[in-house]
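[1] how would this look folded up:
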Amino acid sequence: MKFLVAVALSLFSAVFADDQSYHRLSDPSTHLKVTSCRNIPTDLFGDEPGTCESVGYTEACVFCRGAMTFMVEDTSTCRQESTECYFRTEDEECLGTSQCPYGKEREGERERAHKGLRGQVNCERLGPGSATMCVELPYCEWDDSNYPPKCHHI
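    Model (predicted):
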């Protein structure tokens, strides 16, 4: 049994003992709008040999959820302002997407959501031939200093 374990470990080490570096290019996405690159330790999935730096991707771009690092060609393409706070450069601190002040779409979404919750009444029928139950949704105020938000009925 020990012999089989030793052979298995030896084979595993031989397969993954690769001193060469590899990289993987990723197409532009919704939030990181430029081609990016990741350094990969093995060519298990057919990644290209060499590092991201060797093919021109020299600037670190950190994903704010999980701190995964991608490489980009230009730091300005990775600022929170251009990625709606999904990515950051090494000299930035993640604000978080819910607190992100950047992006016209985000501002519009927040405004619509905020207006949609102001003193609305939500009614639903409890079943066939039964009463209707109505619940007034509160007006809630959000700002940077209060969590949970201050809510009250109008």
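
[2] just the helices in this protein please.
    Counting by DSSP state H, the chain has helices at residues 2-16, 80-83, 104-116.

[3] What ranges in this structure fall below the confidence cut-off?
    Along the chain, the parts satisfying pLDDT under 70 run over 1-18, 104-154.

[4] per-domain residue ranges of it.
    Structural domains assigned to the chain are 17-104, 117-152, following automatic domain parsing.

[5] Count residues in the vicinity of the closest residue to V55 other than its chain neighbours, would you?
    Nearest non-adjacent residue to V55, counting by Cβ to Cβ, 6 or more residues apart in numbering: H23, 6.5 Å away. Bear in mind the C-beta positions are built from the backbone N, C-alpha and C, glycine included. Neighbours of H23 under the rule other Cβ atoms under 10 Å: 19.

[6] I figured G96 hits E84, correct?
    No - assessed by Cβ atoms under 8 Å, G96 is found out of contact with E84, at 11.0 Å.

[7] which one of those two has more residues nearby?
    Neighbours per residue, other Cβ under 10 Å: of G96 and E84, the larger number sits with E84, 18 against 12.
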